[in-house]
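*Asks:* After the sequence you'll find the predicted model.
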Amino acid sequence: MSYGTHREVGNTAYREAQYSHAIKAAGQGFLIGVSAALGAGYFLQKRYVHIQKLTTTMKSFIVGSAGMGVGVIFADKAGISFDQAHYSDKAAHAQRRERSEYEKKWDSLSSFDKALTWTKDNKFGVVIGSWVASMGASWLYIQSQPLSFSQKLVQARVWAQGLTVASLIGIAALTTIPSAGDTLLSKSHSADDQSWRKIIQEQADATAHKHAMASMSEAKAKASELAAEVKDKAVEKVKGTTN
C-alpha cells in the first residue's frame, strides 16, 4: 500500500507498515463514529420532531462527519503509537519501561479510582465537552419553545453557561477527593520528575562500562605483547648461552 507523498521519506517498508497500521485504525474509528452517530440519531429522532424533519442528505452528512472525525483521530494516534513502539534508543527503552510500570499501577486501580483519575487528568476536556453537550441539549429543548431564533440562541447560551459553571464546580470538587490514582498523576505532571536522570545515569554507566572493557582489552593486549617480548628475550638468552 502506497504512503502517498511520504513514500520516499525514510525506510519505505517502515512507512508502508505505518500507513497500513494507521489505515486499519482509521477504519475502526470510522465504524465506531458511525455507530455512535447512528445510535444517537435514532434516539434523537424518536424524541425531537425537528430532527425528523432533517433531509436524508443532512443526516448522512452528520453521520459521515462523525465517522470521519473519529477515524482521523484514531489514525493519528495509531501513527504516533507505531512510531513510539519502534523507537530503539535508550530514551525510548526508558520511556517504555516507565509506561509499563504506569500501566501495571493503572490496572491495579478500582473502577471508581480509574474514573476519578481519568476525570482529574482530563478535567479541561471534560469541562469543554460538558459545555458543548449542554449547549446542544439546551438548544434542542428550547427549539420546542415559542421563541424567535435570537431568543432561542440567547436562552441556549444562558443555559449552557449555567451548566458549564455547574460542571466547573463539580470538577473542582472531584479534584479534592483523594484516590489511589493520585500518585500516577503527581508523577506524570510533576516538574520534579527525575526520570531523565535515570536515562542520563544509564547512558553514563554504559559509557563507563564500554571504556572499562576497552581499557581491559588494551591492558590484556599490552600484557600479551610484554609476555611475548620477555619470552623472545629469554629464548635469545638461552641460545646465546648455548653458543
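*Replies:* In hand now; what should we look at?

*Asks:* ok now the strand or helix carrying Asp83, how far from the chain's centre?
*Replies:* Taking DSSP states H and E as the criterion, Asp83 maps to helix 56-85. Centroid displacement of helix 56-85 relative to its chain, using Cα atoms, centre = their mean, to the nearest Å, is 16 Å.

*Asks:* Leaving out sequence neighbours, find the closest residue to Thr183.
*Replies:* Lys105 (7.5 Å; Cβ to Cβ, 6 or more residues apart in numbering). C-beta coordinates here come from the backbone N, C-alpha and C atoms, glycine included.

*Asks:* Check Ser138 too.
*Replies:* In space, Ser138 is closest to Trp159, 3.6 Å off (Cβ to Cβ, 6+ apart).

*Asks:* ok, now how distant is Ala26 from Thr119?
*Replies:* Ala26 sits 28 Å away from Thr119 when distances are taken as Cβ to Cβ, to the nearest Å.

*Asks:* so what's the residue nearest to Ser138 up against?
*Replies:* Applying Cβ atoms under 8 Å, 6 or more residues apart in numbering, we find Trp159 in contact with Ser134, Met135, Ser138, Tyr141, Ile142.

*Asks:* Okay, and which of the residues you listed map to strands?
*Replies:* In strands, judged by DSSP state E, none of the contacts of Trp159 are found.

*Asks:* can you tell me which of those residues are in helices?
*Replies:* Counted as lying in helices by DSSP state H, out of the contacts of Trp159, are Ser134, Met135, Ser138, Tyr141, Ile142.

*Asks:* who's in contact with the residue nearest to Lys59 when sequence neighbours are not counted?
*Replies:* Using Cβ to Cβ, 6+ apart and skipping the chain neighbours, the partner closest in space to Lys59 is Gly41 (6.6 Å). Residues near Gly41 by Cβ under 8 Å, 6+ apart: Ile51, Lys59, Ile62, Val63.
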